[in-house]
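Chemist: This is a predicted model, with the sequence first.
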Amino acid sequence: MFGHPLHPAVVHFPLALLLSATFTDALWVLGVTGATHFGALLMAGGLGMGLVAATAGMVDFAKLDQAIVPNAMQHMAAVSLAWLGYAVALYLRKDSLFAEAPLSAATVAASALSAAVLALGGWLGGKLVYSFGAGVSKPRQ
């Protein structure tokens, strides 16, 4: 957008929403809160925004230098796996989308594992920018 890649601008929303959902799950496990409904809403919002970020990522992917495409594919695989894991976690907790409901161990495990994979995917995305210069404009002469 306006000469800048769009993916880095929108990726913060799904990251924040999904990781916050996992944080609320951890608080539920610790008995600090019973806000499973809020966690489900965060997760649903994060999954929706993840689709927006993925779409922007595909647009930016088409402009990448071929030499860094294998690294971009690793990033895409990790964040896609994390998205799928969060989708499973949301499905397992579908009752908490509409009201407070207890979480199963499988739901919490899927959320926690997805958060770890999402963190790896984020690190790989950062590597694309900071190590390989993906999306970085060349200085004008």
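Modeler: The structure has been received and is ready for your questions. Numbering: from 1, shown residues only.
Chemist: Was I right to think T22 contacts A115?
Modeler: Yes: contact criterion CB atoms under 8 Å: T22 and A115 qualify, at 4.1 Å. (Glycine included, C-beta is placed from N, CA and C.)
Chemist: What's the local residue count around L124?
Modeler: 18 (other CB atoms under 10 Å).
Chemist: For it, which non-adjacent residue is closest in space?
Modeler: H75 (4.0 Å; CB to CB, 6 or more residues apart in numbering).
Chemist: what's the answer for F98, then?
Modeler: Leaving aside its sequence neighbours, F98 sits nearest to H37 (CB to CB, 6+ apart; 7.5 Å).
Chemist: That neighbour sits in which helix or strand?
Modeler: helix 36-61 (DSSP states H and E).
Chemist: Repeat that for T22.
Modeler: Per DSSP H and E: helix 12-29 holds T22.
Chemist: Does anything pack onto that helix? Which helices or strands?
Modeler: helix 36-61, helix 69-92, helix 105-130 (3 or more CB pairs under 8 Å, 6 or more residues apart in numbering; DSSP states H and E).
Chemist: Can you list the buried residues in the shortest one?
Modeler: Right, the one you point to is helix 69-92. Across helix 69-92, burial judged by 16 or more other CB atoms under 10 Å covers 71-72, 74-76, 78-79, 81-83, 85-90, 92.
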